[in-house]
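Asker: Please work out how this folds:
(one chain, ligands or ions: 1)
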Amino acid sequence: MIMNRHQNDWYPSNISGGQVFPYMDHAVDAAYYFMRDNTSVVDSSNTNGRLLHPFDISGIRSDFPILQRRVNGKPLIWLDNGATTQKPQCVIDALREYYQEYNSNVHRGAHTLSKEATDAYECARRKVQMFLGASAIEEIIFVRGATEAINLVAQTYGSTNIRNGDEILLTMMEHHSNIVPWQMLQKEKGAVMKVIPINGRGEIMLDEYEKLLSSRTRVVAITHVSNVLGTINPIRKMIDMAHRYGARVLIDGAQAAPHLKVNVQDLDADFYVFSGHKAYGPTGIGVLYGKKGLLEQMPPWQKGGGMIKNVTFDGTTYNNLPDKFEAGTGSIADAVGLRAAIDYMQKVGMDRIEHYERSLTGYAMQALSMIPGVNIIGTAPDKISAISFVVDGVSPETVATRLDREGIAVRIGHHCAQPVLQRFNIKSTIRASLAMYNIREEIDMLANTLYKITKDY
Ligand code: 7TS
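Answerer: Alright, predicted model coming up:
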């Protein structure tokens with residue numbers, strides 16, 4: 001059944017069918033209730049308590065057609081945003097328009113369609129530059145996603161700058177994409193990899209980090225937000241600390257760019273990466289930001305068409321930035337789709353998305369932490385979106401299957417971040433990860449279903 005686009009009251013008031021989890025009837029921390037009507041956000045940090053423009057949650061939800069779907073007879077509750085977000089209509093339209101009206105290869109300006117496609121592709125690059133606050137358009141390289149961006153940096157910057165005995169620092173909470181490329185490089189070069197530990201709440205131990213830094217540190221690779229714990233890392237400070245030792249810092253922004261306002265110049269990040277598909281854009285497109293001076297010094301990565309200036313059988317000269325790192329035909333339509341996604345996020349406002357999601361994350365933390373038998377992994381006060389937990393005596397598979405029966409999509413497993421789970425002596429968690437279109441009623445539904453599961457086992 002397709003729901004009315006603007007219908008926002010389709011959750012039954014007694015969603016648990018009689019067995020209501022107690023927290024719904026009792027006042028929790030009032031702080032989590034201040035947006036009860038879902039219509040307005042007070043951002044006291046920016047406005048001294050004045051009301052900002054309404055956060056039009058029902059308008060936002062109606063922009064995402066898939067949210068009208070039913071799964072197993074129930075309205076879809078998409079809490080797997082850490083894996084990928086759903087797409088607003090404007091992104092779907094941008095892809096359709098590209099293929100329907102101006103599909104062409106880029107940078108081959110002999111005809112109208114190529115010019116239109118090139119304009120759209122470069123406009124998308126400009127949009128990303130603004131989104132990240134980069135100082136120059138040449139600093140934005142289109143890649144397939146965060147994984148490809150990190151591999152590019154490890155294999156170009158890394159392979160020319162890391163030598164025997166040099167040190168690479170990573171945190172305990174990195175995604176495999178920000179571990180394996182560095183590990184391979186470390187083995188190849190005879191370098192040393194050191195791991196920055198985290199505490200029991202899932203926060204980086206800055207004093208231990210300080211101790212690990214030295215003049216041997218060449219690269220520090222840190223996730224901005226953990227995909228398992230949701231912790232927001234103090235990357236501004238960590239970048240400063242690394243720079244004092246002359247190290248370069250790569251920030252994995254895969255779980256941050258859709259949720260937080262990022263400015264790479266304020267952060268002074270050397271490299272910042274993210275994936276379009278986790279930020280309401282299409283799959284197949286992602287971004288590597290790098291400081292121009294660094295990108296210019298780095299050798300090209302993949303070789304082929306587009307990245308050259310001149311080729312003879314005696315030798316090749318490479319193209320300028322950003323083309324030097326974009327061999328072959330890129331994901332043109334997906335870049336155009338990413339531009340629409342960024343437009344959409346900016347229309348809503350990154351400040352307001354962050355504020356809303358922080359509050360929703362707090363609400364979900366509160367709700368889940370009150371269910372006996374549910375243990376949350378990752379309790380840092382500064383966290384957003386990802387909430388991992390285990391349920392006493394019930395396997396993650398069983399929990400996920402029961403949730404799916406209610407239309408609730410979560411991810412289970414190691415989330416491609418096995419070391420952080422090892423830190424907490426577990427192999428698998430259930431993870432709910434939130435995005436701007438999620439609402440408290442969905443969290444209530446999750447909490448009530450979990451409560452019922454704990455009662456049944
Ligand atoms: N870095 C982080 C922090 C991530 O969470 C992910 C994907 C990646 C890198 C890789 O992104 P990709 O787009 O190149 O694949 N994380 C997840 C996740 O948590 N569930 O599915 C994918």
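
Asker: how about the nearest residue to whichever residue of the stretch 351-457 of the chain sits closest to the ligand, chain neighbours excluded?
Answerer: Closest contact between the stretch 351-457 of the chain and the ligand, by Cβ to the nearest ligand atom, is at His415 (4.7 Å). Just so you know, the C-beta spots here come from the backbone N, C-alpha and C atoms, and that holds for glycine as well. With sequence-adjacent residues excluded and distances taken as Cβ to Cβ, 6 or more residues apart in numbering, His415 is closest to Val228, at 5.0 Å.

Asker: The one you found is in contact with Gln418, isn't it?
Answerer: No: Val228 is beyond contact range of Gln418, at 9.8 Å (criterion: Cβ atoms under 8 Å).

Asker: Can you list the residue ranges for strands in the stretch 351-457 of the chain?
Answerer: With strands called from DSSP state E, counting those that start in this stretch, the stretch 351-457 of the chain shows them at 374-377, 386-391, 408-409, 411-413, 429-433.

Asker: Could you tell me which residues make contact with the most centrally placed residue in the chain?
Answerer: Centrality entry for the chain: nearest residue to the mean C-alpha point is Gln255, 2.2 Å, by Cα atoms, centre = their mean. Contacts for Gln255 (Cβ atoms under 8 Å, 6 or more residues apart in numbering) come out as 82, 223-227, 278, 385-386.

Asker: Among those, which are located in strands?
Answerer: Using DSSP state E, the members of the contacts of Gln255 that fall in strands are 223, 386.

Asker: Roughly how far does Leu338 sit from the ligand?
Answerer: Between Leu338 and the ligand the computed distance is 12 Å (Cβ to the nearest ligand atom, to the nearest Å).

Asker: secondary structure element for that residue?
Answerer: helix 332-348 (DSSP states H and E).

Asker: Output the contacting helices and strands for that helix.
Answerer: For helix 332-348, the elements it packs on are helix 89-97, helix 112-132, judged by 3 or more Cβ pairs under 8 Å, 6 or more residues apart in numbering; DSSP states H and E.

Asker: mind giving me a markdown table with those helices and columns for distance to the ligand, mean pLDDT and mean neighbour count?
Answerer: Below are the helices and strands packed on helix 332-348 laid out as a markdown table (distance: least, Cβ to the nearest ligand atom, whole Å; pLDDT from 0 to 100; neighbours: other Cβ atoms under 10 Å):
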| stretch | distance to the ligand | mean pLDDT | mean neighbour count |
| --- | --- | --- | --- |
| helix 89-97 | 16 | 98 | 18 |
| helix 112-132 | 15 | 98 | 18 |
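
Asker: As TSV, those helices with distance to Leu294 would be great.
Answerer: Converted to TSV, the helices and strands packed on helix 332-348 look like this (distance: least, Cβ to Cβ, whole Å):
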stretch	distance to Leu294
helix 89-97	31
helix 112-132	15
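
Asker: Neighbour count: Val228 and Gln418, which is higher?
Answerer: More crowded of Val228 and Gln418, by other Cβ atoms under 10 Å: Val228, with 30 against 16.
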